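A.B. asks: Just need the structure, nothing else, for what follows:
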Amino acid sequence: MNNRWSRMVIVAILICIVLLGVAASTDNRLFVKREDADSSTKASQQKTPTMTKVSLMLDRYPNAAHAFIYTAIANGYFREEGIELEIKQPGEPSEGVTLVGLGVIDLTIASQPQVLIARADEIPVVSIAAIVRHPMNYLMVPKTSTIQSPKNLAHRKIGYPGDGVSVAILKTMMLSDEADPEHAVLVNVKRDLVQSIASHKVDAIIGGNINEDRIILEKRMQPVRTIEPMLYGVPEYYELVLVANETMVATNPELLQTIWGILARGHQDVIDSPKDALINVMNKQNPSFPLRMDIEAESLSILLPFMSNDDEVFGFQSKSAWSVVAEWLDETRLMRRLVNSEDAYVNLVD
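C.D. replies: Coordinates of the predicted model:
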């Protein structure tokens, strides 16, 4: 009896030992799994970098001039650098400059004269790169019009998008052609430049681009003649520049240099594969302003030679270009004060 009882006690003890071992082993495995899960979560968090959000307002609806931007986005260059670029479109021509000055938008595209006019109005904006280095804003009249030169604009209706730059161009052209700008009848048609001249609501338009609006009119069987402003006293200027707020330029120049480096890569891709670049633009077109591939292809062929050349790096801005344009705008008396042109731009490239 005693032997049997002893054997039972021993068996019971052995069972307890086994059970305790299993429990310990199970706890260790659970602990390892929990530890692995925590490590996986941390690794996952480390693999998801924080994206820097940057907003960019275009100068108008998406078109061939913006191919380098949309190509850089499509090719993933911004994401590679941890930047999330948000594209916005303006309601009015000068809206982008105003919003950048207020710090609501980070970047915008505008003309060089717009930057100088804004600074004269105490709006703290700076051009950080030249995009299109030659004026695209030409005076346009119907091909059958009797208007042959700026002096014929007296007492005629001229449609314009409501911007001061177009007024300065028109004023200079008429004065150069010995006509009184006060005799021209300016009509603010906002963004309806093409429609205003196609429907004969105005006799001419200023503020339309030869690389876009002129081609659209021709395709609509409303051909126009263009009159070049540079033949009538208007200096060469940068049609499009990239604009930032003074504070951003001072506090975050590295980010701006990174952004321009990305855009320069996009520009090179446009040169290498223009058809692919135009597809990127077509994919982002504004339904209110539908695009045609043939128009955008012709537009891009006009723009590319004026965006970069063998003599200057894409984006470079010259001191003389800024001083000449500042003096011209001061002569037109459209600026409230003469601004220091050297403060109006910085070069992100050499």
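
A.B. asks: C-alpha only now, for contacts and for neighbours.
C.D. replies: Fine.

A.B. asks: hey, where'd the helices end up in the stretch 201-350 of the chain?
C.D. replies: 213-219, 246-251, 253-272, 274-282, 293-303, 319-332 (DSSP state H, counting those that start in this stretch).

A.B. asks: any residues touching the second one, and which ones?
C.D. replies: If I follow you right, that is helix 246-251. Residues outside helix 246-251 that contact it (CA atoms under 8 Å, 6 or more residues apart in numbering): 101, 106, 124-126, 256.

A.B. asks: ok, those vs residue 63, which is closest?
C.D. replies: residue 106 (20.7 Å; CA to CA).

A.B. asks: List the contacts of the closest residue to that closest one other than its chain neighbours.
C.D. replies: Leaving aside its sequence neighbours, residue 106 sits nearest to residue 55 (CA to CA, 6 or more residues apart in numbering; 5.2 Å). Applying CA under 8 Å, 6+ apart, we find residue 55 in contact with 85-88, 105-107.

A.B. asks: Apply 10 Å and report the result again.
C.D. replies: 84-88, 100, 104-108 (CA atoms under 10 Å, 6 or more residues apart in numbering).

A.B. asks: In these, find the pair that's most separated.
C.D. replies: 84 and 100 (17.7 Å).

A.B. asks: Looking at these two, which one has more neighbours?
C.D. replies: residue 100 (25 against 16; other CA atoms under 10 Å).

A.B. asks: what residue ranges in the protein score low on pLDDT?
C.D. replies: 1-48 (pLDDT under 70).

A.B. asks: by contact count, what packs against the top strand by length along it?
C.D. replies: In the chain, with assignment by DSSP state E, the single longest strand is strand 125-132. The contact analysis (3 or more CA pairs under 10 Å, 6 or more residues apart in numbering; DSSP states H and E) places strand 125-132 against helix 95-102, strand 107-110, helix 112-120, strand 240-245, helix 246-251, helix 253-272.

A.B. asks: Include distance to residue 181 when you put the ones you listed into TSV, please.
C.D. replies: Converted to TSV, the helices and strands packed on strand 125-132 look like this (distance: least, CA to CA, whole Å):
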stretch	distance to residue 181
helix 95-102	26
strand 107-110	25
helix 112-120	19
strand 240-245	26
helix 246-251	35
helix 253-272	39
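
A.B. asks: Please identify the deepest-packed of these.
C.D. replies: Highest mean neighbour count among those (mean count of other CA atoms under 10 Å): strand 107-110, with a mean of 28.

A.B. asks: returning to what we had before: same list (the helices of the stretch 201-350 of the chain) but as CSV, adding distance to residue 229.
C.D. replies: CSV is the format used below for those (distance: least, CA to CA, whole Å):
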stretch, distance to residue 229
helix 213-219, 15
helix 246-251, 31
helix 253-272, 28
helix 274-282, 29
helix 293-303, 17
helix 319-332, 13
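
A.B. asks: Tell me which of these lies nearest to residue 155.
C.D. replies: The nearest among the helices of the stretch 201-350 of the chain, by CA to CA, is helix 319-332 at 20.4 Å.

A.B. asks: which other residues reach that closest one?
C.D. replies: 112-113, 115-117, 120, 133, 164-165, 167-169, 171-172, 233-238, 334-347.

A.B. asks: switch to 8 Å and redo it
C.D. replies: 113, 116-117, 168, 171-172, 234-237, 335, 337-342, 344.

A.B. asks: Same check on stretch 201-214?
C.D. replies: 136-142, 145, 156-161, 166, 170, 187, 193-194, 196-197, 223-224, 226, 295-296, 298-300, 302-303.

A.B. asks: I'd like to know which of those residues are buried.
C.D. replies: The neighbour-count test (16 or more other CA atoms under 10 Å) applied to the contacts of stretch 201-214 identifies 136-142, 157-161, 166, 170, 187, 193-194, 196-197, 223-224, 226, 295-296, 299-300, 302-303 as buried.
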